[in-house]
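[1] All I have is the shape, not the residue letters:
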């Protein structure tokens, strides 16, 4: 499974972005897909994930939402009311067994990341 993350960019605080994660190669319609982010010098942190249910980190709850369109092999991360602390490289990842997880080590496949920068 190959994952391609896109949609990052530079946005002012309070703005919105929508990230996309497109899967190709082996079918992964039953995979759980997660979004993680990593700021410079920091660990990669869980943001949100989706299987048949969704989960979001407390730090983004109410501002970010995750969704998927299986027909397009795509998972989206809608990010609203962005804050400077949301800045970082955002990675999407897939877990073959389809079970939600919020730990980096639980995911089998990773995309290359897309940069999100939120200016104050």
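    In hand now; what should we look at? All figures in this text were calculated on a predicted structure; none of them were measured in a lab.

[2] got a pLDDT number for residue 30?
    We have a pLDDT of 86 for residue 30.

[3] Can you tell me the SS state at it?
    At residue 30 the chain is in coil, as set by DSSP: H, G, I helix; E, B strand; the rest coil.

[4] Please shift the residue numbers so they start at 48 in all later answers.
    New numbering, starting at 48: the last item is residue 77.

[5] Give me the three-state assignment for the residue nearest to it when sequence neighbours are not counted.
    Spatial nearest neighbour of residue 77, excluding adjacent residues (C-beta to C-beta, 6 or more residues apart in numbering): residue 145 at 4.7 Å. For every residue, glycine as well, the C-beta is placed using N, CA and C. Put simply, residue 145 is coil when judged by three-state DSSP.

[6] what's across from residue 91 in the sheet?
    Residue 91 has these beta-bridge partners by DSSP bridges: residue 85.

[7] and it, how many neighbours?
    Residue 91: 17 surrounding residues under other C-beta atoms under 10 Å.

[8] One more: the one 5 residues further on?
    Counted with other C-beta under 10 Å, the burial measure for residue 96 works out to 26 neighbours.

[9] Next: residue 103.
    Other residues close to residue 103 by other C-beta under 10 Å number 20.

[10] how far away is it from residue 77?
    21 Å (C-beta to C-beta, to the nearest Å).

[11] so what pLDDT did the residue nearest to residue 127 when sequence neighbours are not counted get?
    Closest residue in space to residue 127, ignoring its immediate chain neighbours: residue 63 at 4.7 Å, by C-beta to C-beta, 6+ apart. Predicted confidence (pLDDT) for residue 63: 98.
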